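In: Okay, sequence plus prediction incoming.
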Amino acid sequence: MDPIESGAGKITPERRSYSGATLVAWLIIALQILVSLITYPFLPDQVPSHWNAAGEINGYLPKLANAILLPAISIGIYILIRVLMHASPRLGQQSRQSQRATWEVVNLIIVGVLLFLLITQLAVTAIALGMVIDITFVISLGLSVLLVFLGNYMGKLRRNFWAGFRTPWTLASETVWERTHRVGGWLMVAGGLCGVLLSFVPQLRLWGIIGILAVVVVATTAYSYVLYQRLNIDEID
(Lines give C-alpha, C1' and ligand atoms only; values in the text may rest on other atoms or scores of the structure.)
Protein backbone atom coordinates (compact mmCIF):
# COMPACT_ATOMS: atom_id res chain seq x y z
CA MET A 1 0.00 0.00 0.00
CA ASP A 2 1.33 3.41 -0.93
CA PRO A 3 2.41 5.21 2.27
CA ILE A 4 1.05 8.43 0.89
CA GLU A 5 -2.43 6.89 0.89
CA SER A 6 -2.12 5.79 4.51
CA GLY A 7 -3.15 8.07 7.37
CA ALA A 8 0.44 8.37 8.57
CA GLY A 9 1.53 10.02 5.34
CA LYS A 10 -1.16 12.64 5.18
CA ILE A 11 -0.72 16.23 6.26
CA THR A 12 -3.53 17.59 8.40
CA PRO A 13 -4.54 21.08 7.30
CA GLU A 14 -3.89 23.74 9.92
CA ARG A 15 -6.93 25.02 11.77
CA ARG A 16 -7.67 28.65 11.06
CA SER A 17 -6.59 31.03 13.78
CA TYR A 18 -10.08 32.57 13.97
CA SER A 19 -13.50 31.15 14.68
CA GLY A 20 -17.10 32.24 14.52
CA ALA A 21 -16.79 33.78 17.99
CA THR A 22 -13.71 35.75 16.86
CA LEU A 23 -15.62 37.15 13.90
CA VAL A 24 -18.48 38.13 16.22
CA ALA A 25 -15.97 39.94 18.46
CA TRP A 26 -14.64 41.89 15.48
CA LEU A 27 -18.22 42.74 14.47
CA ILE A 28 -19.03 44.06 17.95
CA ILE A 29 -15.94 46.28 17.95
CA ALA A 30 -16.86 47.54 14.47
CA LEU A 31 -20.38 48.34 15.72
CA GLN A 32 -18.93 50.28 18.66
CA ILE A 33 -16.79 52.36 16.31
CA LEU A 34 -19.77 52.90 14.01
CA VAL A 35 -21.96 54.06 16.92
CA SER A 36 -19.29 56.58 17.93
CA LEU A 37 -18.92 57.91 14.38
CA ILE A 38 -22.67 58.25 13.75
CA THR A 39 -23.60 59.84 17.09
CA TYR A 40 -20.54 62.07 17.55
CA PRO A 41 -21.93 65.12 15.65
CA PHE A 42 -25.11 65.07 17.77
CA LEU A 43 -23.46 64.80 21.20
CA PRO A 44 -23.15 67.81 23.53
CA ASP A 45 -19.65 69.12 24.25
CA GLN A 46 -19.70 67.48 27.71
CA VAL A 47 -21.05 63.94 27.96
CA PRO A 48 -22.09 62.13 31.17
CA SER A 49 -19.42 59.59 32.08
CA HIS A 50 -19.92 58.69 35.74
CA TRP A 51 -22.89 57.98 38.01
CA ASN A 52 -23.22 57.48 41.75
CA ALA A 53 -24.98 54.56 43.43
CA ALA A 54 -28.32 56.33 43.12
CA GLY A 55 -27.89 56.67 39.35
CA GLU A 56 -27.23 60.42 39.48
CA ILE A 57 -24.67 61.90 37.10
CA ASN A 58 -21.55 63.12 38.93
CA GLY A 59 -18.93 63.19 36.19
CA TYR A 60 -18.52 64.36 32.59
CA LEU A 61 -16.07 63.86 29.71
CA PRO A 62 -15.47 65.84 26.51
CA LYS A 63 -17.45 64.21 23.73
CA LEU A 64 -14.31 63.21 21.79
CA ALA A 65 -12.94 61.32 24.81
CA ASN A 66 -16.32 59.69 25.35
CA ALA A 67 -16.56 58.59 21.72
CA ILE A 68 -13.12 56.96 21.87
CA LEU A 69 -13.20 55.50 25.39
CA LEU A 70 -15.40 52.39 25.21
CA PRO A 71 -14.32 51.24 21.72
CA ALA A 72 -10.70 51.68 22.86
CA ILE A 73 -11.37 49.63 26.01
CA SER A 74 -12.91 46.85 23.89
CA ILE A 75 -9.97 46.81 21.47
CA GLY A 76 -7.53 46.81 24.40
CA ILE A 77 -9.31 43.92 26.15
CA TYR A 78 -9.45 41.89 22.93
CA ILE A 79 -5.76 42.36 22.15
CA LEU A 80 -4.61 41.86 25.75
CA ILE A 81 -6.49 38.59 26.29
CA ARG A 82 -5.32 37.11 22.99
CA VAL A 83 -1.70 38.13 23.58
CA LEU A 84 -1.73 36.70 27.12
CA MET A 85 -3.31 33.44 25.99
CA HIS A 86 -0.80 33.02 23.16
CA ALA A 87 2.11 33.76 25.50
CA SER A 88 0.84 31.48 28.28
CA PRO A 89 2.94 28.33 28.89
CA ARG A 90 1.22 24.96 28.91
CA LEU A 91 0.15 23.42 32.19
CA GLY A 92 0.83 19.70 32.22
CA GLN A 93 0.44 17.45 29.18
CA GLN A 94 -2.33 19.28 27.37
CA SER A 95 -3.54 17.86 24.06
CA ARG A 96 -4.34 20.03 21.07
CA GLN A 97 -8.00 19.23 21.60
CA SER A 98 -7.76 20.56 25.17
CA GLN A 99 -6.03 23.74 24.01
CA ARG A 100 -8.64 24.20 21.28
CA ALA A 101 -11.44 23.83 23.85
CA THR A 102 -9.81 26.49 26.01
CA TRP A 103 -9.52 28.89 23.08
CA GLU A 104 -13.16 28.36 22.14
CA VAL A 105 -14.29 29.23 25.67
CA VAL A 106 -11.92 32.22 25.86
CA ASN A 107 -13.32 33.54 22.57
CA LEU A 108 -16.84 33.24 23.99
CA ILE A 109 -15.74 35.08 27.14
CA ILE A 110 -14.38 37.89 24.97
CA VAL A 111 -17.67 38.06 23.04
CA GLY A 112 -19.66 38.26 26.29
CA VAL A 113 -17.52 41.06 27.69
CA LEU A 114 -17.59 43.03 24.43
CA LEU A 115 -21.38 42.71 24.22
CA PHE A 116 -21.66 44.11 27.73
CA LEU A 117 -19.43 47.06 26.76
CA LEU A 118 -21.48 47.67 23.60
CA ILE A 119 -24.71 47.77 25.62
CA THR A 120 -23.07 50.14 28.10
CA GLN A 121 -21.91 52.39 25.26
CA LEU A 122 -25.41 52.47 23.76
CA ALA A 123 -26.94 53.36 27.13
CA VAL A 124 -24.40 56.11 27.86
CA THR A 125 -24.80 57.54 24.35
CA ALA A 126 -28.60 57.51 24.64
CA ILE A 127 -28.41 59.39 27.95
CA ALA A 128 -26.06 61.95 26.39
CA LEU A 129 -28.61 62.48 23.60
CA GLY A 130 -31.31 63.27 26.16
CA MET A 131 -33.05 59.94 26.59
CA VAL A 132 -34.18 58.93 30.07
CA ILE A 133 -32.44 55.65 30.97
CA ASP A 134 -31.62 54.19 34.37
CA ILE A 135 -27.94 53.40 33.95
CA THR A 136 -27.72 51.43 37.21
CA PHE A 137 -30.47 49.12 35.94
CA VAL A 138 -28.66 48.61 32.62
CA ILE A 139 -25.32 47.85 34.30
CA SER A 140 -26.81 45.56 36.95
CA LEU A 141 -28.94 43.62 34.47
CA GLY A 142 -26.09 43.45 31.95
CA LEU A 143 -23.62 42.09 34.51
CA SER A 144 -26.17 39.55 35.74
CA VAL A 145 -26.85 38.24 32.24
CA LEU A 146 -23.09 38.16 31.60
CA LEU A 147 -22.63 36.00 34.71
CA VAL A 148 -25.26 33.54 33.47
CA PHE A 149 -23.66 33.45 30.03
CA LEU A 150 -20.10 32.90 31.30
CA GLY A 151 -21.20 30.40 33.95
CA ASN A 152 -22.51 28.09 31.25
CA TYR A 153 -19.01 27.73 29.80
CA MET A 154 -16.81 27.59 32.91
CA GLY A 155 -16.99 23.80 33.08
CA LYS A 156 -15.51 23.55 29.56
CA LEU A 157 -12.51 25.76 30.33
CA ARG A 158 -9.24 23.83 30.56
CA ARG A 159 -6.40 24.67 32.92
CA ASN A 160 -4.51 27.84 31.95
CA PHE A 161 -2.82 30.86 33.54
CA TRP A 162 -5.16 33.64 32.42
CA ALA A 163 -8.83 32.62 32.26
CA GLY A 164 -11.08 31.04 34.88
CA PHE A 165 -10.83 30.52 38.65
CA ARG A 166 -7.05 30.64 38.96
CA THR A 167 -6.11 29.76 42.53
CA PRO A 168 -2.88 28.04 43.63
CA TRP A 169 -4.86 24.83 44.07
CA THR A 170 -6.66 24.82 40.70
CA LEU A 171 -3.39 25.54 38.90
CA ALA A 172 -1.68 22.69 40.77
CA SER A 173 -4.25 19.99 39.99
CA GLU A 174 -6.27 19.20 36.87
CA THR A 175 -8.92 17.47 39.00
CA VAL A 176 -9.28 20.46 41.32
CA TRP A 177 -9.48 22.77 38.29
CA GLU A 178 -12.26 20.78 36.63
CA ARG A 179 -14.38 20.34 39.76
CA THR A 180 -13.93 23.95 40.88
CA HIS A 181 -14.97 25.27 37.48
CA ARG A 182 -18.00 23.00 37.41
CA VAL A 183 -19.12 24.26 40.84
CA GLY A 184 -18.11 27.84 40.00
CA GLY A 185 -20.12 27.73 36.79
CA TRP A 186 -23.23 26.66 38.70
CA LEU A 187 -22.68 29.46 41.22
CA MET A 188 -22.27 32.02 38.43
CA VAL A 189 -25.50 30.95 36.75
CA ALA A 190 -27.43 30.93 40.05
CA GLY A 191 -25.91 34.25 41.09
CA GLY A 192 -26.64 35.80 37.70
CA LEU A 193 -30.28 34.74 37.87
CA CYS A 194 -30.56 36.27 41.34
CA GLY A 195 -28.91 39.42 39.98
CA VAL A 196 -31.50 39.65 37.18
CA LEU A 197 -34.27 39.66 39.79
CA LEU A 198 -32.45 42.15 42.03
CA SER A 199 -31.94 44.48 39.06
CA PHE A 200 -35.63 45.35 39.30
CA VAL A 201 -35.24 46.45 42.94
CA PRO A 202 -33.42 49.84 42.89
CA GLN A 203 -32.38 49.65 46.55
CA LEU A 204 -30.72 46.23 46.12
CA ARG A 205 -29.33 46.13 42.59
CA LEU A 206 -25.88 47.67 43.27
CA TRP A 207 -25.05 45.86 46.51
CA GLY A 208 -26.76 42.77 45.20
CA ILE A 209 -24.40 42.34 42.25
CA ILE A 210 -21.37 43.18 44.41
CA GLY A 211 -22.46 40.60 46.98
CA ILE A 212 -23.06 37.96 44.30
CA LEU A 213 -19.60 38.47 42.81
CA ALA A 214 -18.02 38.29 46.28
CA VAL A 215 -19.83 35.04 47.10
CA VAL A 216 -18.74 33.44 43.81
CA VAL A 217 -15.08 34.41 44.32
CA VAL A 218 -14.89 33.43 48.00
CA ALA A 219 -16.85 30.19 47.58
CA THR A 220 -14.82 28.93 44.61
CA THR A 221 -11.52 29.84 46.29
CA ALA A 222 -12.50 28.04 49.49
CA TYR A 223 -13.83 25.05 47.55
CA SER A 224 -10.61 24.68 45.55
CA TYR A 225 -8.52 24.77 48.76
CA VAL A 226 -10.67 22.22 50.62
CA LEU A 227 -10.82 19.90 47.61
CA TYR A 228 -7.05 20.09 47.08
CA GLN A 229 -6.37 19.28 50.74
CA ARG A 230 -8.81 16.37 50.65
CA LEU A 231 -7.28 14.92 47.50
CA ASN A 232 -3.80 15.20 48.98
CA ILE A 233 -4.90 13.37 52.14
CA ASP A 234 -6.56 10.67 50.01
CA GLU A 235 -3.36 10.22 48.04
CA ILE A 236 -1.25 9.93 51.23
CA ASP A 237 -3.68 7.37 52.67
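Out: Okay, I see it.

In: okay, CA-based contacts and neighbour counts for the rest of this
Out: Fine.

In: In three-state terms, label the nearest residue to L227 once chain neighbours are set aside for me.
Out: Distances taken as C-alpha to C-alpha, 6 or more residues apart in numbering place V176 nearest to L227, at 6.5 Å, with adjacent residues excluded. Using DSSP: H, G, I helix; E, B strand; the rest coil as the criterion, the local structure at V176 reads helix.

In: Now do the contacts for the spatially most central residue of the chain.
Out: With the centre of the chain defined as its mean C-alpha position, the nearest residue by C-alpha atoms, centre = their mean is I109, 4.0 Å away. By C-alpha atoms under 8 Å, 6 or more residues apart in numbering, the contact list for I109 reads L150.

In: Distance check, it against P71.
Out: When C-alpha to C-alpha, to the nearest Å is applied, the distance between I109 and P71 equals 17 Å.

In: And the helices in this protein?
Out: Listed in chain order, the helices of the chain (DSSP state H) span 20-39, 63-87, 96-128, 135-151, 168-172, 174-198, 205-236.

In: Excluding chain neighbours, what is closest to Q46?
Out: Leaving out its chain neighbours, the residue that sits closest to Q46 by C-alpha to C-alpha, 6+ apart is P62, at 4.7 Å.

In: From what I see, that neighbour and L43 are in contact.
Out: No. Because the distance of 9.7 Å does not satisfy C-alpha atoms under 8 Å, P62 is recorded as not touching L43.

In: who's more crowded, those two?
Out: L43 (21 against 14; other C-alpha atoms under 10 Å).

In: residue contacts, that one?
Out: The contact partners of L43, taken as C-alpha under 8 Å, 6+ apart, are 63, 128-129.

In: ditto for V138
Out: Under the criterion of C-alpha under 8 Å, 6+ apart, the contact list for V138 reads 120, 123.

In: Please identify which of the helices of the chain is closest to W51.
Out: Nearest of those to W51, taken as C-alpha to C-alpha: helix 135-151 at 7.9 Å.

In: Just want the angle from the closest one to helix 174-198.
Out: Using axes from the mean of the first three to the mean of the last three C-alpha atoms, to 10 degrees, the direction of helix 135-151 lies 150 degrees away from that of helix 174-198.

In: got the buried residues for helix 135-151?
Out: Residues of helix 135-151 classed as buried: 135-151 (neighbour count, 16 or more other C-alpha atoms under 10 Å).

In: Please work out the average pLDDT along it.
Out: Helix 135-151 shows a mean pLDDT of 91.

In: what pLDDT does the residue nearest to Q46 get?
Out: According to the per-residue confidence, P62 scores 89 in pLDDT.

In: Return the member of the contacts of L43 nearest to I57.
Out: Top of the list for closeness to I57, among those and by C-alpha to C-alpha, is A128 at 10.8 Å.

In: For the nearest residue to that closest one once chain neighbours are set aside, give me its contacts.
Out: Residue nearest to A128 in three dimensions, not counting chain neighbours: V47, with 5.6 Å by C-alpha to C-alpha, 6+ apart. Counting by C-alpha under 8 Å, 6+ apart, V47 makes contact with 60-63, 66, 128.

In: And the residues you listed, which is closest to V113?
Out: When those are compared against V113 (criterion: C-alpha to C-alpha), the nearest one is N66, at 18.8 Å.

In: what's the spacing between that closest one and L129?
Out: In this structure, N66 lies at 13 Å from L129, with C-alpha to C-alpha as the measure.
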